[in-house]
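Student: Show me how the following folds:
(one chain, ligands or ions: 1)
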Amino acid sequence: MAPAYDLIIIGGGIMGCSTALQLARRGMRVAVLEQKEIGYGSTGHSSAIIRQHYSNELTARMALYSLRVFQNFADEVGGESGFTSTGFLALTSAQDRAGLEANVALQQSLGIQTEILAPEALRELMPGLEVSDLVAAAYEPESGYADPNLTVNAYARAARQAGAAIFTDTPVTGVRFDGDRVVGVESSRGPFDAPLVLNSAGPWGARVARMAGVEAPINPCRVQVAFFRRPAAEEKAHPVVADFINATYFRSETGNLTLVGLIDPSEADAIVNPDAFDERVDDSFIMDVGDRMVARYPAMAECGVMGGYASLYAITPDWHPIVDELLPGSGFYICSGFSGHGFKLGPAVGVMAADLLTGAADPQFDPALFRLSRYAEGKPVLGLYEYSIVG
Ligand SMILES: Cc1cc2nc3c(=O)[nH]c(=O)nc-3n(C[C@H](O)[C@H](O)[C@H](O)COP(=O)(O)OP(=O)(O)OC[C@H]3O[C@@H](n4cnc5c(N)ncnc54)[C@H](O)[C@@H]3O)c2cc1C
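Tutor: Below you'll find the model as predicted:
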């Protein structure tokens, strides 16, 4: 009997749902199996910052494509993403100036609206900002942030409307093979049959790869964010700020809040069991990022502390994802390991994965850069900066 589906997608985060939408629209019979609910993993806890500032042409193009989707979400996907355009600032130290200029030149050559601003111009844009230690910054007027839960649920709904079947509360417990070919998965609802299986299990990506006997270097790492209430004089929403000098990012959040997180390579050391980790924010984290934020944004000295939470990044050795056929010729694929910066790329990743799974001769976004073998070849993806963890 022919299998019921052409493709089974493991994981209902932004990558699984975006890929499901693309392939359902191409006429494939797709089933998404999610162990809990849509957005349960990294996606639902994402800071969801949408910026174009990347060092590689591929990721910059993917970010630009995805921005256009967020800007036209009702037409492109359907429903709402909560995209809010506040502008984005990347603040670097003098030693990263050359990298900043090269990145901005690359991004401009791809059609991204971005420019270098001098400290005086920065102060005009965001008067509360401390700029005395800055030589220059990159500014993207179109960037901002979205609501990650609205976004991923809109993708899931659109995929369903396009014909995909979505099963929540359905953990996949095994990947089934007939010889070298994948034939489906085992799950809490029993077996599902399909000649293609995509592992988009995010922080659980290595665990799902291991179900097929493959080691994928993706670690589930605990990361935190904190919220601060802005004082009355600062109630207006401010641009997203990536402050590479103080190793923090912050953005406006509804309710006159500012959300703050770290840009810190040592977050890769906080490897946890993704099913059993402390989801509460640490008091020491709130104090630390609060001090860093106030150093950059002194007007926040009078802010109120509003708590926070911990969630998971899926971190690879070079902080870039793995998008590949895990076992060549098997039909078992992976699209995981987005290392803390994948949300904004989600719309483009769906296209990339769909092209890969259908063997498109001329893919819109060539996934070769994200092949698994790059680690064994000693050719990791590199950024242009000291802080290349942001891509
Ligand atoms: C605190 C935080 C802040 C972030 N900020 C940003 C940001 O500002 N901008 C940005 O671009 N990115 C950001 N990111 C990163 C971004 O959110 C992720 O890269 C992206 O959401 C990854 O999506 P995903 O679909 O790969 O993984 P996930 O959203 O984790 O989805 C994987 C899904 O697979 C499911 N699953 C796992 N195992 C199984 C199984 N055996 N069977 C069935 N289902 C399974 C999980 O339940 C989960 O829902 C942030 C992440 C966090 C945690």
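Student: Quick check, the residue in the stretch 251-391 of the chain closest to the ligand?
Tutor: Going by Cβ to the nearest ligand atom, the ligand is nearest to residue 342 of the stretch 251-391 of the chain, at 2.6 Å. Bear in mind the C-beta positions are built from the backbone N, C-alpha and C, glycine included.
Student: Residue 349 is in contact with that residue, correct?
Tutor: Yes. Residue 342 lies in contact with residue 349 (Cβ atoms under 8 Å); the separation is 7.0 Å.
Student: Check the contact lists of these two and give me the overlap.
Tutor: 14, 15, 321 (Cβ atoms under 8 Å, 6 or more residues apart in numbering).
Student: quick revisit: between residue 342 and residue 349, which one's more packed in?
Tutor: residue 349 (29 against 24; other Cβ atoms under 10 Å).
Student: got a list of what the more buried one touches?
Tutor: 14, 15, 18, 19, 62, 321, 323, 335, 338, 342.
Student: That one - that's part of a helix, no?
Tutor: Yes. Checked against DSSP: H, G, I helix; E, B strand; the rest coil, residue 349 lies within a helix.
Student: Renumber starting at 27 from here on
Tutor: I'll keep to 27 as the first residue from here, and by that count the last item is residue 375.
Student: how close does it get to residue 381?
Tutor: Remark: distance between residue 375 and residue 381 (Cβ to Cβ, to the nearest Å) = 11 Å.
Student: try residue 102
Tutor: Residue 102 is 17 Å from residue 381, by Cβ to Cβ.
Student: between the two, who's got more neighbours?
Tutor: A side-by-side neighbour count of residue 102 and residue 381, using other Cβ under 10 Å, places residue 381 first with 20 against 15.
Student: any idea how far stretch 270-280 is from the chain center?
Tutor: 16 Å (Cα atoms, centre = their mean, to the nearest Å).
Student: Not including adjacent chain positions, what is the nearest residue to residue 96?
Tutor: Residue nearest to residue 96 in three dimensions, not counting chain neighbours: residue 109, with 4.2 Å by Cβ to Cβ, 6 or more residues apart in numbering.
Student: hang on, the earlier thing: just the buried subset of the contacts of residue 375, please.
Tutor: 40, 41, 44, 45, 88, 347, 349, 361, 364, 368 (16 or more other Cβ atoms under 10 Å).
Student: and the last one, what is it in contact with?
Tutor: Residues near residue 368 by Cβ under 8 Å, 6+ apart: 40, 41, 68, 347, 375.
Student: now the residues you listed as JSON lines including pLDDT, distance to the ligand and secondary structure?
Tutor: Below are the contacts of residue 368 laid out as JSON lines (pLDDT from 0 to 100; distance: Cβ to the nearest ligand atom, whole Å; DSSP: H, G, I helix; E, B strand; the rest coil):
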{"residue": "40", "pLDDT": "98", "distance to the ligand": "5", "secondary structure": "helix"}
{"residue": "41", "pLDDT": "98", "distance to the ligand": "4", "secondary structure": "helix"}
{"residue": "68", "pLDDT": "98", "distance to the ligand": "4", "secondary structure": "coil"}
{"residue": "347", "pLDDT": "98", "distance to the ligand": "8", "secondary structure": "coil"}
{"residue": "375", "pLDDT": "98", "distance to the ligand": "8", "secondary structure": "helix"}
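Student: Break the chain into its domains for me.
Tutor: 33-71+175-243+344-416, 113-170+245-341 (automatic domain parsing).
Student: Can you tell me which of these is nearest to residue 79?
Tutor: domain 113-170+245-341 (5.0 Å; Cβ to Cβ).
Student: Mind listing what's buried along stretch 68-88?
Tutor: So for stretch 68-88, counting by 16+ other Cβ under 10 Å, buried means 68-82, 84-88.
Student: got it, and stretch 254-263?
Tutor: For stretch 254-263, by 16+ other Cβ under 10 Å, it's 254, 255, 256, 260, 263.
Student: just stretch 370-382 next, same as before
Tutor: Result for stretch 370-382 [16+ other Cβ under 10 Å]: buried residues 370-382.
Student: and the residue in the stretch 177-326 of the chain that the ligand sits nearest to, how many neighbours?
Tutor: Going by Cβ to the nearest ligand atom, the ligand is nearest to residue 228 of the stretch 177-326 of the chain, at 2.5 Å. The number of residues packed near residue 228 is 30, by other Cβ under 10 Å.
Student: How about residue 239?
Tutor: 10.
Student: again with residue 184
Tutor: Counted with other Cβ under 10 Å, residue 184 comes out at 21.
Student: Need the per-residue pLDDT for residue 187.
Tutor: What the model reports for residue 187 is a pLDDT of 98.
Student: separation between the residue nearest to it when sequence neighbours are not counted and residue 168?
Tutor: Once flanking residues are discounted, residue 187 sits nearest to residue 104: 7.2 Å by Cβ to Cβ, 6+ apart. Noted for residue 104: a distance of 22 Å to residue 168, by Cβ to Cβ.
Student: if we can go back for a sec, so which of the contacts of residue 375 belong to helices?
Tutor: Those of those mapping onto helices are 40, 41, 44, 45, 88, per DSSP state H.
Student: Quick check: the third one touching residue 373?
Tutor: Yes. At 5.9 Å, residue 44 and residue 373 qualify as touching, with contact defined as Cβ under 8 Å.
Student: And residue 182, which helix or strand is it part of?
Tutor: Taking DSSP states H and E as the criterion, residue 182 maps to helix 174-187.
Student: what comes into contact with the following helix or strand past that helix?
Tutor: Later in the chain than helix 174-187, the nearest helix or strand by DSSP H and E is strand 191-193. Contacts of strand 191-193 with the rest of the structure, by Cβ under 8 Å, 6+ apart, involve 31, 38, 46, 56-60, 64, 182, 185-186, 213, 215.
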